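>>> Below is the structure, and that's it, no one-letter string:
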């Protein structure tokens with residue numbers, strides 16, 4: 001079955017960045033690209049934005065990429081969540097035309113919480129947006145979600161020929177006690193063993209951090225993609241603090257792996 005990547009764009013800076021990221025990734029993994037273009041009838045788009053929201057300019061260098069372009073309806077969240085039901089990956093920018101210069105747009109968290117597939121929120125520095133650091137960073141928690149995260153990272157790192165960093169974050173609690181250190185070491189050792197079984201050629205860098213989620217989200221700026229698991233097993237309407245901090249503060253695109 002052909003893979004499908006769905007992406008939403010409104011012609012804004014981050015909309016263009018999401019479209020470019022999704023198109024490049026589709027080329028690498030051999031997927032179809034489904035573009036959901038914001039409709040001027042429902043969204044206030046500046047007059048100087050091309051009528052195709054810059055889609056033609058972005059895709060001109062990828063003539064062999066299979067692309068389907070659809071107009072979004074009046075509910076962009078519903079459009080993207082609906083697209084995620086049949087997609088292998090959903091990609092969106094961290095904000096649009098009218099969402100300021102900090103944080104994320106009002107549609108991002110609702111889409112991530114409701115999406116049926118893995119979701120990438122594109123943000124970060126130019127080097128990471130274009131895959132120049134050649135690093136993928138995985139956040140592990142010592143829970144069942146790590147299995148899916150590491151499987152995704154192994155596959156991506158193999159396809160993109162990237163190096164892998166595995167990070168385990170614990171909250172600071174005064175002096176470091178030996179059991180805490182052993183706990184973090186065990187989590188990282190298990191993650192390394194799991195990666196070795198999935199992709200024997202990958203030798204990950206292991207890093208333990210004792211900090212709050214916003215600090216952890218920016219602790220590894222030299223990465224192309226930050227991969228984190230979906231921990232919303234009981235509450236499907238709210239993101240956990242680490243995932244939310246990653247979406248708001250990461251210096252790279254964030255991949256939220258759906259269980």
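Yep, that arrived. Just so it is clear, the model here is predicted, and its values are computed rather than measured.
>>> can you give me the strands in the stretch 101-250 of the chain?
118-122, 135-140, 163-170, 205-210, 225-229 (DSSP state E, counting those that start in this stretch).
>>> so which of those is the most packed in?
strand 225-229 (a mean of 27; mean count of other CB atoms under 10 Å). C-beta here means a position set from N, CA and C on the backbone, and glycine is covered the same way.
>>> same question for that one, mean pLDDT?
Averaging pLDDT along strand 225-229 gives 96.
>>> What is it packed up against?
Contacts defined by 3 or more CB pairs under 8 Å, 6 or more residues apart in numbering; DSSP states H and E place strand 225-229 against strand 135-140, helix 145-160, helix 241-249, strand 253-257.
>>> Contact partners for residue 223?
With contact set as CB atoms under 8 Å, 6 or more residues apart in numbering, residue 223 has these partners: 128, 133, 135-137, 165, 251-252.
>>> Closest to residue 203 out of those?
Ranked by distance to residue 203 (CB to CB), these are led by residue 165 at 10.9 Å.
>>> Is it correct that the closest one is in contact with residue 134?
No. Using CB atoms under 8 Å, residue 165 is not in contact with residue 134; the gap is 11.1 Å.
>>> Off-centre distance for stretch 213-221?
Between the centre of stretch 213-221 and the centre of its chain there are 15 Å (CA atoms, centre = their mean, to the nearest Å).
>>> Likewise for stretch 121-130?
Using CA atoms, centre = their mean, the offset of stretch 121-130 from its chain centre is 10 Å.
>>> Check which residues of it are buried.
121-124, 127-129 (16 or more other CB atoms under 10 Å).
>>> got a list of what residue 76 touches?
Residue 76 neighbours (CB under 8 Å, 6+ apart): 8, 38, 43, 107.
>>> switch the cut-off to 10 Å
Going by CB atoms under 10 Å, 6 or more residues apart in numbering, residue 76 touches 8, 10, 36, 38-39, 42-43, 92, 96, 105-107, 110-111.
>>> Please check those and keep the buried ones.
8, 10, 36, 38-39, 43, 92, 96, 105, 107, 110-111.
>>> Tell me which two of those residues sit farthest apart.
39 and 110, at 18.6 Å, using CB to CB across the buried ones among the contacts of residue 76.
>>> avg pLDDT for the helix or strand where residue 58 lies?
Using DSSP states H and E, residue 58 sits in helix 55-59. For helix 55-59, mean pLDDT is 91.
>>> Report the next helix or strand after it in sequence order.
Immediately after helix 55-59, counting by DSSP H and E, sits strand 67-71.
>>> State the distance from the closest residue to residue 16 other than its chain neighbours to residue 13.
Spatially, and ignoring its direct neighbours in sequence, residue 16 is nearest to residue 54 (5.4 Å; CB to CB, 6 or more residues apart in numbering). According to CB to CB, to the nearest Å, residue 54 stands 10 Å off from residue 13.
>>> do the same with residue 95
Taken as CB to CB, the span from residue 95 to residue 13 is 9 Å.
>>> Pick out whichever of the two has more residues nearby.
Taking neighbours as other CB atoms under 10 Å, residue 95 and residue 13 compare with residue 95 leading, 23 against 12.
>>> That one and residue 148, how far apart?
Remark: distance between residue 95 and residue 148 (CB to CB) = 27 Å.
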